[in-house]
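Undergrad: The sequence and its predicted three-dimensional model are supplied below.
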Amino acid sequence: MSFSQLLGQPRVSAALLRALKLERVAHAYLFVGADGVGRRTTARLLAMALNCESSGADACGECGPCRKIIRGTHPDIVELTPEKDFITIGQVRELQASMAYRPYEGRFRVISVAPAEAMNANAQNALLKTLEEPPQGNVLILICASPQRLLRTIQSRCQRMVFGLLPRPVIVRLLCEQGVEPQRAELLARLAEGSLGRAQALAQGELQLQRERIAVALEALSEGGTHGIWEFAEQLAQGDIDELDESLELTKTWLRDALLIRSGAGSERLLNIDRLELLDSLARRFDEQALLAGIEAGSQLQARLRFYPNRRLALWNLGLALTSPPTGTLEG
């Protein structure tokens, strides 16, 4: 595993390799992009390159440190993730205490914070002090999809790396190499919207049940009435916060497809191409205003998802946004 094998992110690979060759690796990075486009893989590759025993700038993938990082057993590679819904100030302070010491066995300690937008306000303010005066031998990588939810002062103290969506042919090829038959790989690549991780989850069935549940929810919503809205909310509310975020993202693809059908777009642009009957039904049931309101309300809910104490009520509001778009905005 090396930067030369990182697919679909040539600018990011080139920038990081250049920094490694010149020994000008930043003390903090902000990896911005959608889930499943290689942000965590790149963080691992950077950690390998910084601690590799070979003489080159890139990781060899064969030495002891590289193998430990690949296996996830290297003591100097740390990933900070949410406790329940948030990354707390206690977690950040514990991290800061460990950063005060030299790395255990490598040249660098590499810390990934993912998703960085899960840090609450106190955690972000606490981390800001570390970014202002970073201890030597530490590299901090903030992995996020919504950088606008981070303090401007945090963003300004990190070197930003923007990860683009992966081209559909690349995803199709990789899925076929993993044993997915070509026609199904093409469908999964459409649904993945540039995310290899999502395509692989769909191929393994992890998202397929979720997708079917959303289809049931939208069918209930299209039937109208209070019962349909509550059924919609109940179906989407299943699972943890990450599953709900994914459900909302998938829901928006159905609404987008219905909007394209109403506008007369060809099937080539549709994502849920295998469910044309349901898409036609949604396009007949909801007009352009309703579909646009639903997409916008879904995005608003995603942006503030961790702050809703009652997610079913928030999803009820999303259902209302579709059925009564002029007043269907989400309340905090």
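TA: Cool, got the structure. Residues are numbered from 1 along each chain as shown.
Undergrad: helix or strand right after the strand or helix carrying L191?
TA: Applying DSSP states H and E as the criterion places L191 in helix 182-192. Next along the chain after helix 182-192, taking DSSP H and E as the criterion, comes helix 196-203.
Undergrad: elements contacting that next one?
TA: helix 168-177, helix 182-192 (3 or more Cβ pairs under 8 Å, 6 or more residues apart in numbering; DSSP states H and E). Where you see a C-beta, it was placed from the backbone N, CA and C, and this is true even at glycine.
Undergrad: One more pass at 10 Å, please.
TA: Secondary-structure packing of helix 196-203 (3 or more Cβ pairs under 10 Å, 6 or more residues apart in numbering; DSSP states H and E): helix 39-51, helix 168-177, helix 182-192, helix 208-222, helix 241-263.
Undergrad: Output the ones you listed as CSV; include the columns distance to Y104 and mean pLDDT.
TA: Formatted as CSV, the helices and strands packed on helix 196-203 follow (distance: least, Cβ to Cβ, whole Å; pLDDT from 0 to 100):
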stretch, distance to Y104, mean pLDDT
helix 39-51, 11, 96
helix 168-177, 35, 93
helix 182-192, 38, 90
helix 208-222, 39, 88
helix 241-263, 30, 90
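Undergrad: Please identify the deepest-packed of those helices.
TA: Across the helices and strands packed on helix 196-203, averaging neighbours per residue (mean count of other Cβ atoms under 10 Å) puts helix 39-51 on top, at a mean of 24.
Undergrad: what distance separates that helix from the middle of the whole chain?
TA: Here helix 39-51 is found 18 Å from its chain centre; the criterion is Cα atoms, centre = their mean, to the nearest Å.
Undergrad: what's in contact with whatever helix or strand comes next after it?
TA: Where DSSP H and E defines the elements, the next helix or strand beyond helix 39-51 is helix 64-71. For helix 64-71, the external contacting residues (Cβ atoms under 10 Å, 6 or more residues apart in numbering) are 1-2, 44-45, 47-54, 59-63, 73-77, 105-107, 110.
Undergrad: Swap in 7 Å and give it another go.
TA: Contacts to helix 64-71, defined as Cβ atoms under 7 Å, 6 or more residues apart in numbering, come from residues 1, 44, 47-48, 51-53, 59-60, 74, 77, 106.
Undergrad: quick one: it to helix 39-51, angle?
TA: 170 degrees (axes from the mean of the first three to the mean of the last three Cα atoms, to 10 degrees).
Undergrad: buried ones in helix 64-71?
TA: Neighbour counts over helix 64-71 (16 or more other Cβ atoms under 10 Å) mark 65-66, 68-69 as buried.
Undergrad: And for stretch 151-163?
TA: Within stretch 151-163, the residues scored as buried using 16+ other Cβ under 10 Å are 154-155, 157-158, 161, 163.
Undergrad: Please apply the same query to stretch 108-121.
TA: Buried-residue list, stretch 108-121, by 16+ other Cβ under 10 Å: 108-120.
Undergrad: end-to-end on it?
TA: Using Cα to Cα, to the nearest Å, one end of stretch 108-121 lies 28 Å from the other.
Undergrad: Centre of the chain to the helix or strand containing S299, how far?
TA: Assessed by DSSP H and E, S299 sits inside helix 288-303. Distance, stretch centre to chain centre, for helix 288-303: 19 Å (Cα atoms, centre = their mean).
Undergrad: what does stretch 101-109 give?
TA: Averaging C-alpha positions (Cα atoms, centre = their mean) puts stretch 101-109 29 Å from its chain's average.
Undergrad: State the mean pLDDT of that stretch.
TA: Stretch 101-109 shows a mean pLDDT of 93.
Undergrad: ok, residues contacting that stretch?
TA: 50-51, 65, 74-76, 78, 99, 137-139.
Undergrad: Reformat the contacts of helix 64-71 into JSON lines and put distance to S267 next to each item.
TA: Converted to JSON lines, the contacts of helix 64-71 look like this (distance: Cβ to Cβ, whole Å):
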{"residue": "M1", "distance to S267": "38"}
{"residue": "R44", "distance to S267": "38"}
{"residue": "A47", "distance to S267": "43"}
{"residue": "M48", "distance to S267": "43"}
{"residue": "N51", "distance to S267": "49"}
{"residue": "C52", "distance to S267": "48"}
{"residue": "E53", "distance to S267": "53"}
{"residue": "A59", "distance to S267": "43"}
{"residue": "C60", "distance to S267": "46"}
{"residue": "H74", "distance to S267": "48"}
{"residue": "I77", "distance to S267": "45"}
{"residue": "G106", "distance to S267": "52"}
